[in-house]
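Participant: this one's structure only:
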Ligand SMILES: CCCCCCCCCCC/C=C/C(=O)SCCNC(=O)CCNC(=O)[C@H](O)C(C)(C)COP(=O)(O)OP(=O)(O)OC[C@H]1O[C@@H](n2cnc3c(N)ncnc32)[C@H](O)[C@@H]1OP(=O)(O)O
């Protein structure tokens, strides 16, 4: 990207201070909370003037873009010429926010400024290299550091099974990550599991009758998977241990999948009277061929990490003893690559598939809605919940 000097950025956005005090921090909306008011926004604009340390070009561009989006709405000016490097960088940052609503941009601006504030500096002191927590959520932890937004399943006692709340938290985390200033977004799991898939108690905790619950579940699932199909930046899975169900099928929508040799990949849909989701009925045959996809999706064959790598579902496998160290070193290096270039390349790769993926997602969700009401499915769930069987 063009070298954008702080002096020039001040000219774009007079509300920005001369010098910033703090290192680069990330922007997130956090868990649903009170929306930032116009007054909060104006306070943040003033607060920016008190900051002293230069936070780097990416943050400055993000502040500029969010400010413009919050005040003028979506980018409505023509793209500067190819040699007008600074104005082109500004335009691209603003334009990249697409149709992000003004209120959301306002909130993101307020959050970004607050992450650059003196209290953020105080709370980050002595934590050099530590992740910055950016979303308040019990079972999904979202942190940002070194250009990487990390979304972690954090429910080890239940093997990171995904509750209704976690589906919603992940949708929100992806929405925020798509406009924050990180280059790469990474999913991983806390504890020994990556994720044991859908929490089967979702079937008993849903309110209303079964039909209404199935309808609601299908709507949620469709929105959840859509947020992966449409995610604009490189999406990486760091699979630290066994993965089950939807946490496996989603991998077909990731851009890279790195696995510990302790990881396994299991999609026991037939055992549960269910059918594939997350576009895996399309992505898996495409990735591994229909014969291997059939073994996984119909017969529930569990793959080791090395088998999954041989089938093309996993990018690379690492010995568990060195997995974390090696993978985070590598991802930090990847996150230093020019972010716009990576985003644009990903979008070129994804573009031709998007329409198809949305159609597949819609069909899989409507099939599942029927499956959830079937005797096969109800019996399988009851059996798990009464602990008569384990997969
Ligand atoms: C009509 C309503 C519609 C609902 C809408 C849903 C929304 C979208 C749905 C998307 C479709 C997704 C499909 C899938 O993901 S299918 C895969 C589902 N997952 C499973 O079937 C895994 C079930 N779990 C197991 O088989 C074992 O627990 C496992 C092999 C993972 C681990 O075994 P292990 O012996 O090592 O450990 P425990 O069994 O003792 O587990 C520890 C505790 O964790 C609880 N647990 C684990 N996984 C789940 C789960 N998926 N759901 C709920 N609970 C889970 C387990 O019960 C233990 O709890 P307790 O200590 O309290 O007994």
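Facilitator: Received the coordinates, thanks. Please read all numbers here as calculations on a predicted model, not as lab measurements. Residues are numbered from 1 along each chain as shown.

Participant: measure the closest residue to residue 156 other than its chain neighbours to residue 219 for me?
Facilitator: Spatially, and ignoring its direct neighbours in sequence, residue 156 is nearest to residue 191 (3.0 Å; CB to CB, 6 or more residues apart in numbering). C-beta here means a position set from N, CA and C on the backbone, and glycine is covered the same way. Relative to residue 219, residue 191 is positioned 30 Å away (CB to CB, to the nearest Å).

Participant: ok, the two, which is more surrounded?
Facilitator: residue 191 (16 against 12; other CB atoms under 10 Å).

Participant: Phi, psi for that one please.
Facilitator: Recorded main-chain torsions at residue 191 are phi 90, psi -160, according to degrees, to the nearest 10.

Participant: So what's the predicted local confidence for it?
Facilitator: Per-residue pLDDT puts residue 191 at 98.

Participant: Can you tell me how far it is from residue 216?
Facilitator: When distance is defined by CB to CB, residue 191 is 29 Å away from residue 216.

Participant: swap in residue 309?
Facilitator: For residue 309, the distance to residue 216 - CB to CB - is 37 Å.

Participant: Which of those two has more residues huddled nearby?
Facilitator: A count of neighbours by other CB under 10 Å puts residue 309 above the other of residue 309 and residue 216, at 20 against 15.

Participant: Report whether that one is found in a strand, as I expect.
Facilitator: No - per DSSP: H, G, I helix; E, B strand; the rest coil, residue 309 lies outside any strand segment and is helix.

Participant: thought it was touching residue 303?
Facilitator: No - counting by CB atoms under 8 Å, residue 309 does not reach residue 303; the two are 9.1 Å apart.

Participant: I'd like the distance between residue 142 and the ligand.
Facilitator: Note on residue 142: its distance to the ligand, by CB to the nearest ligand atom, to the nearest Å, is 20 Å.

Participant: ok, which stretches of the stretch 251-391 of the chain are helices?
Facilitator: Counting by DSSP state H, counting those that start in this stretch, the stretch 251-391 of the chain has helices at residues 280-288, 290-297, 305-310, 320-334, 339-372, 375-385.

Participant: closest one to residue 107 among those?
Facilitator: Proximity to residue 107 (CB to CB) singles out helix 339-372 among these, at 21.9 Å.

Participant: For residue 148, the count of nearby residues, please.
Facilitator: Residues lying near residue 148 (other CB under 10 Å) number 22.

Participant: Hmm, it is touching residue 188, no?
Facilitator: No - Residue 148 is beyond contact range of residue 188, at 10.7 Å (criterion: CB under 8 Å).

Participant: tell me the contacts of whichever residue of the stretch 151-300 of the chain sits closest to the ligand?
Facilitator: Taking CB to the nearest ligand atom, the ligand has its nearest neighbour within the stretch 151-300 of the chain at residue 245, 2.2 Å off. Shown in contact with residue 245 (CB atoms under 8 Å, 6 or more residues apart in numbering): 196-198, 266-269.

Participant: Going by neighbour count, which of those residues comes out on top?
Facilitator: Neighbour counts for those, by other CB under 10 Å, peak at residue 267, which reaches 31 neighbours.

Participant: List the residues that contact it.
Facilitator: By CB under 8 Å, 6+ apart, residue 267 lies in contact with 244-245, 248-249, 276, 280, 296-297, 300.
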